[in-house]
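Chemist: Sequence plus predicted model, see below.
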Amino acid sequence: MATVTVTTTALSASHPLAASELAHACGAEIDWVVQLVEVGIIESREAGERPEQWRFHSSDLQCALEVRRLERDFGVQVDAAALILDLEHEVRRLKAVLRAQGLGREI
C-alpha cells in the first residue's frame, strides 16, 4: 500500500506564494516559473531581481495550473500557452460584451 503525503499552503493577500511554493504547487521547477513571468502569464507582486524575492497570489496559481494542463494535455510550450490563455480571456470578454448588449443569449 502506497502512502500519499499532502501539503497545503494558505493563500491570502497577507500570505502570497513564494516562487518556490508556486513551482511546487504546479509540480515544476523555479525555472518554469521564471518562464511564466518572462512571457507575461503571471506577474510578481513584489519587485525583485531574483525569483526568490517574487510573490504570487491565487490568480497566478490558477494561471500557472492552467499552463500545466495545456502542457500536459496538448504538449504546448509556455509561449504557446500564453497565446492560448490570452485568446481565452479575449473570447470571454467579447462574450460578456455581447451578453451585456443583449446579443449573446445563446453564447
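Modeler: Nice, thanks for sending it over.
Chemist: C-alpha only now, for contacts and for neighbours.
Modeler: Will do.
Chemist: Which residue ranges of this protein form helices?
Modeler: The residue ranges that make up the helices of the chain, judged by DSSP state H, are 19-25, 30-39, 58-74, 78-100.
Chemist: Now render these as TSV, adding mean neighbour count.
Modeler: Supplementary listing: these in TSV, determined by neighbours: other CA atoms under 10 Å:
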stretch	mean neighbour count
helix 19-25	19
helix 30-39	16
helix 58-74	16
helix 78-100	14
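Chemist: of all these, which lies closest to E52?
Modeler: Relative to E52, the nearest member of the helices of the chain by CA to CA is helix 19-25, separated by 6.2 Å.
Chemist: For that closest one, which helices and strands make contact with it?
Modeler: With contacts taken as 3 or more CA pairs under 8 Å, 6 or more residues apart in numbering; DSSP states H and E, helix 19-25 sits against helix 30-39, strand 55-56.
Chemist: what does the last one contact?
Modeler: Under the contact criterion CA atoms under 8 Å, 6 or more residues apart in numbering, strand 55-56 has outside partners P16, L17, A18, A19, L22, E43, S44, R45, E46.
Chemist: now do stretch 41-54
Modeler: Residues lying outside stretch 41-54 but in contact with it, judged by CA under 8 Å, 6+ apart, are 18-20, 30, 34, 36-37, 55-57, 60, 63-64, 82.
Chemist: Pipe the helices of the chain into a markdown table and attach mean pLDDT per row.
Modeler: Compiled in a markdown table, these are given as follows (pLDDT from 0 to 100):
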| stretch | mean pLDDT |
| --- | --- |
| helix 19-25 | 97 |
| helix 30-39 | 96 |
| helix 58-74 | 97 |
| helix 78-100 | 95 |
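Chemist: What is the neighbour count of the nearest residue to E71 once chain neighbours are set aside?
Modeler: In space, and not counting its chain neighbours, E71 is closest to Q77: 6.4 Å by CA to CA, 6 or more residues apart in numbering. Neighbours of Q77 under the rule other CA atoms under 10 Å: 13.
Chemist: Looking at Q77 now. What's its pLDDT?
Modeler: Confidence at Q77, expressed as pLDDT, is 96.
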